[in-house]
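> build me a model:
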Amino acid sequence: MEATADAREPTPAPEPPPVPFVPIAENQRIEALDVVRGFALLGIFLMNIEGFNRYFGDIFGRGIPLEAKGLDWAATFFVNYFVQGKFWTIFSTLFGMGFAVMLVRAEKAGRPFVKVYLRRILALAVFGACHYIFIWDGDILFSYAVAALMLMMVLYARPRLFVAVIAVSVALGFLAEPFFGVAGGLAAVGLVALYLRSEKRLKFKGLSLPIFSLILLVVGTLVSIGAVVFWLLPDGPTEPRLPMTVFGPLLFITGWLSWKYHEPVEKRSLRLAVSLYVFAGVSMTAGALVQHFSPDPLVTLTAEAKKEAAEKAAAPAAAQPAPVVKAADKGASAAKAADKPKKSKAQRAEEMKAEREKRKLERETERAEELKLLTKGSYAQIVEYRGGRFPEKVAGDFGFGVVLTGMFLLGMWFVRSGVMENTAAHLPLFRRLAVVGISLGVGLSLASASIAVSHVPGDRYDGWGIAGGLHMLGNLPACVGYISLVVLMLHSRGPLSRIGVLAPMGRMALTNYLMQSVICGLYFYGYGLGHFGIGRAAQFVFVAVVFLAQLAFSHWWLARFRYGPMEWLWRGFTYRQVPPLRLAPAGTPTPAPAA
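Next up is the predicted model:
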C-alpha cells in the first residue's frame with residue numbers, strides 16, 4: 001500500500017551555513033586579560049628600555065654593570081630580579097590565553113578557525129619583521145608568530161607534514177646554515193605533538209610505553225653512554241662532554257616522568273607546558289654546575305702538555321743511524337707523509353686557547369661596532385645592519401619558539417579550564433598561586449643574586465651561569481604569581497581594584513608596545529635625539545612619563561574608537577574585512593558585522 005502524501009516524512013531543512021568568524025563583541029572581552037596585559041606592558045617597558053641604552057648582549061651576558069653605583073645600581077637590581085624574565089613569560093602566557101579564547105569560541109559556534117588564525121599569524125610575523133628591521137632588534141612579535149605557527153602544527157599538523165618540513169629544512173641547511181636551527185626547533189615541537197596527541201604504545205613483557213617516552217628514554221640512554229665514553233677517552237673531543245653530560249640524564253628522567261604521568265589526557269597540556277620551561281631552566285643550571293665544578297679543559301690540556309714535554313726532555317732518544325730509504329719505499333713514504341699527523345697535546349691546547357680568544361674578540365668587536373652604530377650611525381645604516389642579521393633571528397626564534405610553545409599551552413590551560421573566563425569563582429586558587437608563585441619565583445631570583453649579579457666574559461668560575469639558571473627557573477612561578485596578584489587586586493573592594501584602569505592599555509597592547517619602541521628609538525639613538533646611555537634611575541623616570549602618557553592616550557582613543565590603530569589593522573587582515581573603527585554615537589545600534 002502506498003503511503004499518502006500526509007504520511008511522508010518531512011524533507012529535512014538544509015543546514016545553515018557556518019557563522020563567519022568575526023571579532024568578538026566588546027561585551028565578550030575578558031576584563032582580567034586586558035588588565036594583566038596593561039600591567040605586563042609596564043614590566044616589558046622597564047626591561048626593554050635598557051636595550052635602547054646598552055649593548056643588548058650585555059643585559060643578559062654581563063648583568064649589573066660594574067660601574068653602576070647608588071640609585072642606578074638599586075634600580076638595575078630591582079629590574080634584574082623582580083622584572084627581568086617575569087614579564088615576557090606573562091605576555092607569552094597571555095598570548096596563549098588569547099589563542100584559546102578564539103579557539104573555544106570558534107568551536108562553540110562551529111566556525112572555521114585554522115585558516116583564520118594562520119592569517120593572524122602571518123600579519124603578526126609581518127609586524128614583527130618590520131619592528132625588528134626598522135625600529136628595534138629586541139622584537140618579540142616575530143618570535144610569537146613563529147611559536148604560534150609551531151603551536152598550530154603541534155595541535156593540527158599530520159606527522160607526514162612534520163617529517164616533510166623538517167626534511168626540507170635540513171636540505172636547505174646545507175645552503176644556508178640558519179635552516180638547521182629551524183629543523184631542530186621543528187623536531188622538538190614534533191615530539192611535543194607526539195606527547196599531546198599520540199596514543200600509540202609499545203608493549204613489551206608487561207610494560208606499556210608511550211612512543212614519546214620510549215624515544216626520550218632511548219635517546220637519553222645513548223647520550224649518557226656517549227658522555228661517559230668521551231670523558232674516559234684521553235684524547236677524545238672535549239666540547240661535547242658538557243652538553244652530553246647534562247642532556248643525557250635529563251632526557252632519560254623526562255622520558256620516565258612522561259611515561260609515569262602520561263594520563264589523564266586533559267592534564268597533558270599543563271604538564272607539558274611546565275615541563276618544557278623547567279627542562280630549559282634545569283638544563284641551563286645543571287650545565288653551569290658541571291662547568292663550574294669540573295676542571296677547565298684548557299687548563300687540563302695545558303698541564304698534560306707540559307707533563308708530556310717534561311717527560312720527553314727527561315728521556316732523550318738514543319742516537320740512531322739515519323735509515324736508508326730505498327727507491328721502492330719512496331711511494332709508501334710519500335703516502336705516509338700525506339697522512340695528517342696526529343696533533344700533540346700542546347698543539348691542541350694552543351688551538352683551544354686561540355679559538356677562545358677568537359670568540360672573545362668577535363664578541364667584543366661586534367659589541368663595539370653595534371654601540372658605534374647606535375650612537376653615531378645613520379638610520380639607513382642601522383636598518384641595513386638589522387636586515388643582515390634577520391636570518392639569524394629567524395633561526396634562533398625556532399629554538400626559542402619551543403619554550404614559547406610551552407608558555408602558550410599554559411595560557412590555553414588557564415582558559416580551557418574556565419579559570420580565566422570566570423576569575424571571580426576561582427579567587428582561592430589565585431590566592432594560592434600568588435603566594436606560592438611570587439615566594440618561589442622571586443625567592444629563586446634573589447638566591448641567584450646571592451651567587452652573582454655581574455659577570456666578566458670568559459670567567460667560568462664566578463657562578464654567573466648557575467645564577468642565570470636559578471633566575472630562569474624562578475621566572476615561571478613568578479609569572480603565574482604576578483598574574484594571580486593582578487587578578488586578586490582587580491577583585492578587591494579597596495583602592496587596589498583601581499588597577500582596572502590599565503584595561504584600555506591592555507586592549508591596545510600591540511599599538512602601545514610598538515609605540516614604546518618608536519619613542520625610545522627617536523629619543524635614545526644617534527639618528528634621533530642621541531640620549532643613548534642614560535642611567536637606570538633616569539630610565540625609571542622616562543618609563544613613568546611615557547607609560548602614563550600612553551595610558552591617558554589609550555583611554556582617550558578607546559572613548560572614540562573600537563580598537564587601537566594596529567589592532568584595527570591586525571583584525572582587518574585576520575578576518576578579511578574592514579572592521580568599523582569609530583564608535584557609534586550613544587543610542588545608535590551597532591551594525592552587524594559583514595559576513
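
> so which bits of the helix or strand that contains Phe247 are buried?
Using DSSP states H and E, Phe247 sits in helix 241-260. Along helix 241-260, the positions that meet the burial threshold by neighbour count (16 or more other CB atoms under 10 Å) are 241-242, 244-252, 254-255, 258-259. To be clear about C-beta, it is placed using only N, CA and C from the backbone, and glycine gets the same treatment.

> how about stretch 105-114?
Neighbour-count burial for stretch 105-114 flags 106, 113 (criterion: 16+ other CB under 10 Å).

> which of the helices and strands in this structure ranks last by mean pLDDT?
Across the helices and strands of the chain, mean pLDDT, DSSP states H and E gives its lowest value to helix 330-338, namely a mean of 52.

> please identify the buried residues of the helix or strand just after it?
Next in sequence after helix 330-338, counting helices and strands by DSSP H and E, comes helix 345-376. Along helix 345-376, these residues count as buried under the neighbour rule (16+ other CB under 10 Å): 345, 348-350, 352, 367, 370-371, 373-374.

> cool, stretch 514-529 as well?
514-517, 519-521, 523-527.

> may I have it exported as PDB, CA atoms only?
Written as PDB, here are the backbone C-alpha positions of stretch 514-529 (Å, rounded to 0.1, in the frame of the first residue of the first chain):
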ATOM      1  CA  LEU A 514      55.300  49.400  19.100                       C
ATOM      2  CA  MET A 515      54.800  53.000  20.200                       C
ATOM      3  CA  GLN A 516      57.300  52.400  23.100                       C
ATOM      4  CA  SER A 517      59.900  51.200  20.700                       C
ATOM      5  CA  VAL A 518      59.400  54.200  18.300                       C
ATOM      6  CA  ILE A 519      59.600  56.700  21.100                       C
ATOM      7  CA  CYS A 520      62.700  55.100  22.600                       C
ATOM      8  CA  GLY A 521      64.500  54.800  19.200                       C
ATOM      9  CA  LEU A 522      63.800  58.500  18.400                       C
ATOM     10  CA  TYR A 523      64.900  59.600  21.900                       C
ATOM     11  CA  PHE A 524      68.000  57.500  22.500                       C
ATOM     12  CA  TYR A 525      69.600  56.500  19.200                       C
ATOM     13  CA  GLY A 526      72.100  58.700  17.300                       C
ATOM     14  CA  TYR A 527      69.700  59.200  14.300                       C
ATOM     15  CA  GLY A 528      67.300  60.800  16.800                       C
ATOM     16  CA  LEU A 529      68.000  63.000  19.900                       C
END
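
> check the buried residues of helix 241-260 and tell me the two furthest apart.
Arg241 and Trp259 (27.9 Å; CB to CB).

> residues contacting the residue most central in space within the chain?
Ranked by distance to the mean C-alpha position of the chain (CA atoms, centre = their mean), the top residue is Phe400 at 3.6 Å. For Phe400, the contacting residues are 143, 146-147, by CB atoms under 8 Å, 6 or more residues apart in numbering.

> just the buried residues of these.
Under a neighbour-count criterion of 16+ other CB under 10 Å, the subset of the contacts of Phe400 counted as buried comprises 143, 146-147.

> pick the one among the residues you listed closest to Leu427.
Within the buried ones among the contacts of Phe400, proximity to Leu427 (CB to CB) peaks at Ala147, which comes in at 30.5 Å.

> which residue, neighbours along the chain excluded, lies closest to Val415?
Leaving aside its sequence neighbours, Val415 sits nearest to Ala100 (CB to CB, 6 or more residues apart in numbering; 3.6 Å).

> ok, the one you found - contacts?
411-412, 414-416.

> distance check, it against Met407.
As for Ala100, its distance to Met407 is 12 Å (criterion: CB to CB, to the nearest Å).

> repeat for Gly572
Distance of Gly572 to Met407, given as CB to CB: 27 Å.

> which one of those two is surrounded by more residues?
A direct count of neighbours by other CB atoms under 10 Å for Gly572 and Met407 places Met407 higher, at 26 against 16.

> any idea how many residues pack against the residue nearest to that one when sequence neighbours are not counted?
Setting aside the residues directly before and after it, Met407 is nearest to Ser92 in space (CB to CB, 6+ apart), at 3.6 Å. A total of 25 residues lie near Ser92 under the criterion other CB under 10 Å.

> can I assume Ser92 is in contact with Leu404?
Yes - contact criterion CB atoms under 8 Å: Ser92 and Leu404 qualify, at 5.4 Å.
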